[in-house]
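Engineer: Please work out how this folds:
(2 chains)
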There are 2 protein chains.
Amino acid sequence: MLHLASETDEGWADYALANLDEILIDHAHCEKKAASTALNLLFRYPDRVELMVPLSELAREELEHFEQVLTRLDEREVTFVRQHPSAYAGRLYKAVRKDEPLRLLDTLLVCSLIEARSCERMKLLQEALDEGVLKDWYRSLLACEARHHMSYVNLAENYFARELVAERLQELAQVEADVLATAERVPRLHA
Amino acid sequence: MLHLASETDEGWADYALANLDEILIDHAHCEKKAASTALNLLFRYPDRVELMVPLSELAREELEHFEQVLTRLDEREVTFVRQHPSAYAGRLYKAVRKDEPLRLLDTLLVCSLIEARSCERMKLLQEALDEGVLKDWYRSLLACEARHHMSYVNLAENYFARELVAERLQELAQVEADVLATAERVPRLHA
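Structural biologist: This next block holds a predicted model:
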């Protein structure tokens, strides 16, 4: 359903729980980056009118989640700090083709896969958490996160044939799975 | 009250009305840029924790306004397109000092002045418009816009003495007034 070509291994949730504060800081950075990515697309493609409102709404939702993670950090008395991102996104974006309109297609699908992986991992984390504020909050978040990966696929289908989108999504999902399979394990949502 | 060192000349509103569609397209770009500026500050200063939530909220509000201007353009059957920005922001940012923490101070105050000028001009436009959807919408917008310039000043006062902020704001307001006084008149909110 998430279009991912691999499932996260069973040990990940325990590892995340053992490094929960660092995972939460990473989560905040991820929401901020997701907002920034959506906003950058508004600047790169102002003439693609079908992208404007959906990406703006998406950016607003990511920023709202960013603020919510900061509240969760505050509750835990954890300070939000700079963090080295994992190599994941950089490696994944290398698969984006350089020429338009394929660059647009690939970018939207890479965004979709990043959202899908976030969603998969957040669900594992949510299930592993003890009852409490954090678990409840992740539950509420998952309803939104599950929409985001499909939003990007739907945006791509404005401009490209459904079959082409599905085919390329499958290829990029394999790249994403390979990137994760060979990633260093660090306490990040995407590693 | 807006901390501006000059008043827009009386002819501006008529000029804006005569080029209303272009002004509205510029307005949409301005909201998008304002969101992007706030978001970029979140990336540049992740350790300035007092900036995080206010700038994230500000970015969300600017994006909401961006979507609203797009609706106004739709109602007028005007297509949102790329547009050459006026030279205003680029010239104004040149006054920002390069070394921290002065760069932070100047950036926040330049943002404040850009917001203040938007607010002044939107008010002139609102007053000049005929009764209707657009006039009503600008009225509702002004309540928010009037807050934004003070938000940036207040953020600066988290990190710098009130007197220092006031003094530098006055200097930069003079730069802003000079930039506008020598600007080419083009149909933009800041020109």
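Engineer: Would you mind listing the buried residues in the helix or strand encompassing residue A:146?
Structural biologist: Assigned by DSSP states H and E, residue A:146 belongs to helix A:133-157. Within helix A:133-157, the residues that count as buried by 16 or more other C-beta atoms under 10 Å in any protein chain shown are A:134, A:137-138, A:141-142, A:145-146, A:148-149, A:151-153, A:155-156. (Each C-beta comes from the backbone N, C-alpha and C, glycine too.)
Engineer: what sits against the residue most central in space within chain A?
Structural biologist: Taking C-alpha atoms, centre = their mean, the centroid of chain A lies closest to residue A:115, which sits 2.9 Å from it. Taking C-beta atoms under 8 Å, 6 or more residues apart in numbering or on different chains as the criterion, residue A:115 is in contact with A:34, A:145, A:148-149, A:151-152.
Engineer: so which of these would you say is closest to chain B?
Structural biologist: residue A:34 (11.1 Å; C-beta to the nearest C-beta).
Engineer: Enumerate every residue touching the closest residue to the closest one other than its chain neighbours.
Structural biologist: Sequence neighbours aside, residue A:62 is the residue nearest to residue A:34 in space, at 4.2 Å (criterion: C-beta to C-beta, 6 or more residues apart in numbering or on different chains). By C-beta under 8 Å, 6+ apart, the residues touching residue A:62 are A:31-32, A:34-35, A:38.
Engineer: What distance do you get for residue A:104 to chain B?
Structural biologist: 16 Å (C-beta to the nearest C-beta, to the nearest Å).
Engineer: my read: that residue touches residue A:45, true?
Structural biologist: Yes: with contact defined as C-beta atoms under 8 Å, residue A:104 reaches residue A:45; the gap is 6.6 Å.
Engineer: which stretches of chain A aren't confidently modelled?
Structural biologist: Scanning chain A for pLDDT under 70 picks out A:1.
Engineer: quick one, helices of it?
Structural biologist: Listed in chain order, the helices of chain A (DSSP state H) span A:12-18, A:20-44, A:49-75, A:88-93, A:102-128, A:133-157, A:162-181.
Engineer: could you say what helices and strands the fourth one packs with?
Structural biologist: Which is helix A:88-93. Helices and strands touching helix A:88-93, by 3 or more C-beta pairs under 8 Å, 6 or more residues apart in numbering or on different chains; DSSP states H and E, are helix A:102-128, helix A:162-181.
Engineer: and what of the first one?
Structural biologist: Under the contact definition 3+ C-beta pairs under 8 Å, 6+ apart, helix A:12-18 sits against helix A:102-128.
Engineer: And the helix it packs on, how far out from the chain middle?
Structural biologist: 4 Å (C-alpha atoms, centre = their mean, to the nearest Å).
Engineer: Give me the residues contacting stretch A:159-175.
Structural biologist: If you take C-beta under 8 Å, 6+ apart as the criterion, stretch A:159-175 is touched by A:3-5, A:48, A:50, A:92, A:95, A:101, A:104-106, A:109-110, A:112-113, A:153, A:156-157.
Engineer: would you put the C-alpha positions of that stretch in CSV?
Structural biologist: C-alpha atoms of stretch A:159-175 as CSV (Å, rounded to 0.1, in the frame of the first residue of the first chain):
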residue,chain,number,x,y,z
TYR,A,159,1.3,15.4,-15.8
PHE,A,160,2.3,11.8,-16.6
ALA,A,161,0.3,8.7,-17.7
ARG,A,162,-0.7,6.5,-14.8
GLU,A,163,1.2,3.5,-16.1
LEU,A,164,4.4,5.5,-16.5
VAL,A,165,4.1,6.8,-13.0
ALA,A,166,3.5,3.3,-11.6
GLU,A,167,6.4,1.9,-13.5
ARG,A,168,8.8,4.6,-12.4
LEU,A,169,7.6,4.5,-8.8
GLN,A,170,8.4,0.8,-8.8
GLU,A,171,12.0,1.5,-10.1
LEU,A,172,12.6,4.2,-7.6
ALA,A,173,11.1,2.1,-4.8
GLN,A,174,13.8,-0.4,-5.6
VAL,A,175,16.5,2.3,-5.4
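Engineer: I am finished for the moment; much appreciated.
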